[in-house]
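**Student:** Quick one: sequence and predicted model below, then my questions.
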Amino acid sequence: MLSRQKFNRYALAGVMTAVVAAGIAAPSAFSQSGSTIVVDGSSTVFPISEVMAEEFMAQSRGTQVTVGVSGTGGGFRKFCNDELDVTGASRPIKSAEVEACKAAGVEYMEVPIAFDALTVVINPRNTWAANLTVEQLKKIWEPAAEGRITRWNQVDPSWPNQPINLFGPGTDSGTFDYFTEVIVGEAASSRADFTASEDDNILVLGVSRDVNALGYFGYAYYEENRDTLKAAAVNGVLPSDETLLDGTYAPLSRPIFFYVKKSSFENKPQVRAFVEFMLENAGELVPETGYVALPPERYSAIRAGL
């Protein structure tokens, strides 16, 4: 299970030593005793939030970065309620959330941080559904499938007459919104009879224990659990760094984001330092979480724009 990422498996002092040796850039001349940064949001973005927070704290004396997981939608609710400095999002902010932030006087900056290949997963003992089409995924997940498409052979007659046990993100998840939009055709349009959780580790566990399971979540959680999960190809293409960057893993490739509260960035030196740290070091740290880093010039351009 995704208990820690590669950098996080070591003691904090060991991590700091390894990072310095690898040439990871430190925050720009920042040290403020007792300062705090509050981060929340997407479970998909959480591995990046976590490793960035740990590395930043290792190099920023007296700074505490707290990282929560409320899902993309839950994170935006807190963010627009002026409770957070930064929120992670696995989709762009919705118009209703824009209005909520505006009504609360919360201005923000959108910061793309990585590419994700939303991954459809099956149990390693599943020998029949290794390649799924978008049409088959829609047939399984659309609202009309509820109570009707309940067995594998109803999707393809050559598949076993066994139950399909579905696992997916909860309705507060940006991954749920994105998957339903590109697969079903409308965001948040989905059958409801599946095991839903904002904690992707629960989904990993469910699929890994059930030969008849099918689920989906961010690529990092699949990468960390390759020994207990199998990725299903979508329209004949498996998720990978290469297929994500060359555009062939469609339509389930996407950017993921941080949203930064403008007043925090401008008035809290620790938040400015944290955001600059993330952009300076994303090229090194993002791949360690299982996601794909943006091109270096993209991070430079975003930082210059801030």
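**Tutor:** Arrived safely, thanks for sending.
**Student:** Helices along the stretch 101-250 of the chain, start to end?
**Tutor:** Counting by DSSP state H, counting those that start in this stretch, one finds helices in the stretch 101-250 of the chain at the ranges 134-141, 174-179, 200-208, 219-223, 241-245.
**Student:** export the third one as PDB, just CAs?
**Tutor:** Meaning helix 200-208. This file holds the C-alpha atoms of helix 200-208, laid out as PDB (Å, rounded to 0.1, in the frame of the first residue of the first chain):
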ATOM      1  CA  ASP A 200      -7.100   5.700  -2.400                       C
ATOM      2  CA  ASN A 201      -5.400   3.200  -0.200                       C
ATOM      3  CA  ILE A 202      -8.800   1.600   0.600                       C
ATOM      4  CA  LEU A 203      -9.400   1.300  -3.100                       C
ATOM      5  CA  VAL A 204      -6.000  -0.300  -3.600                       C
ATOM      6  CA  LEU A 205      -6.700  -2.800  -0.800                       C
ATOM      7  CA  GLY A 206     -10.200  -3.700  -2.200                       C
ATOM      8  CA  VAL A 207      -9.000  -4.400  -5.700                       C
ATOM      9  CA  SER A 208      -5.900  -6.300  -4.500                       C
END
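**Student:** pLDDT (mean, whole number) over the biggest helix by length in the chain?
**Tutor:** Secondary structure of the chain read by DSSP state H shows that its longest helix is helix 269-285. Summarised as a single mean, pLDDT over helix 269-285 is 97.
**Student:** what does stretch 162-169 give?
**Tutor:** Stretch 162-169 shows a mean pLDDT of 98.
**Student:** buried residues in it?
**Tutor:** 164-169 (16 or more other Cβ atoms under 10 Å). C-beta: built from backbone N, CA, C; applies to glycine.
**Student:** Now do that stretch: everything it contacts.
**Tutor:** Residues outside stretch 162-169 that contact it (Cβ atoms under 8 Å, 6 or more residues apart in numbering): 43, 71, 140-141, 149-153, 155, 175-176, 179, 190-191, 193-198, 200, 203, 206-207, 210-217.
**Student:** Next SSE downstream of the longest helix of the chain?
**Tutor:** Per DSSP states H and E, the first helix or strand lying C-terminal to helix 269-285 is helix 296-305.
**Student:** For that next one, buried residues please.
**Tutor:** In helix 296-305, counting by 16+ other Cβ under 10 Å, buried: 299, 302.
**Student:** Also stretch 124-131?
**Tutor:** Residues of stretch 124-131 classed as buried: 126, 129 (neighbour count, 16+ other Cβ under 10 Å).
**Student:** quick one on the thing from earlier: how about the helices of the stretch 101-250 of the chain in JSON lines, adding mean pLDDT, mean neighbour count and distance to D82?
**Tutor:** Output for these, formatted as JSON lines (pLDDT from 0 to 100; neighbours: other Cβ atoms under 10 Å; distance: least, Cβ to Cβ, whole Å):
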{"stretch": "helix 134-141", "mean pLDDT": "98", "mean neighbour count": "18", "distance to D82": "35"}
{"stretch": "helix 174-179", "mean pLDDT": "96", "mean neighbour count": "26", "distance to D82": "21"}
{"stretch": "helix 200-208", "mean pLDDT": "97", "mean neighbour count": "22", "distance to D82": "27"}
{"stretch": "helix 219-223", "mean pLDDT": "95", "mean neighbour count": "25", "distance to D82": "29"}
{"stretch": "helix 241-245", "mean pLDDT": "91", "mean neighbour count": "16", "distance to D82": "35"}
